[in-house]
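>>> turn this into a structure:
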Amino acid sequence: MYEGIQQAKYPLRFQRQKAIGDYIVDFYCAKVGLSIELDGSGHYEMEQIKRDEARTKALEAMNVHVARFCNSDVDRSFEQVCEAIDRAVKGSLHQPAAPAAPSSEGAGAVGDLHASL
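Numbers count the residues shown, from 1 in each chain. The predicted model follows:
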């Protein structure tokens, strides 16, 4: 995924494995406060679903919008996933500027975004 973003010369910078608060997100774009999470099959077990929900709420409390995609969608529908990410980014660009998400200390305001294909 990261290589695809880099090869497309996307105009915004995404970081891989970015520490935000107590969490490490898969991809993060600070300019729009967007976290992209790629979920493998383990994310669909009840315990992990609950942990992911708590994680998303915690990230949103730090003004980080969360877009989740399952790995199989990335593998089978890469272009549609990229288009959904692009819509999420563009939607976030049109929102009022948000304070930067903290790295591993502090918190911000509340945000909300869930992407789907």
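
>>> would you mind pulling up the elements that the host helix or strand of residue 88 packs against?
Taking DSSP states H and E as the criterion, residue 88 maps to helix 78-93. Helices and strands touching helix 78-93, by 3 or more CB pairs under 8 Å, 6 or more residues apart in numbering; DSSP states H and E, are helix 2-7, strand 34-39, strand 65-70, helix 71-76. All C-beta spots, glycine's among them, are computed from the backbone N, C-alpha and C.

>>> these: which one's closest to residue 19?
Closest approach to residue 19 among the helices and strands packed on helix 78-93 (CB to CB): strand 34-39, 11.5 Å.

>>> what packs against the closest one?
strand 23-29, helix 46-61, strand 65-70, helix 71-76, helix 78-93.

>>> what would the ones you listed look like in TSV with distance to residue 36?
Putting the helices and strands packed on strand 34-39 into TSV (distance: least, CB to CB, whole Å) gives the following:
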stretch	distance to residue 36
strand 23-29	4
helix 46-61	12
strand 65-70	5
helix 71-76	10
helix 78-93	6
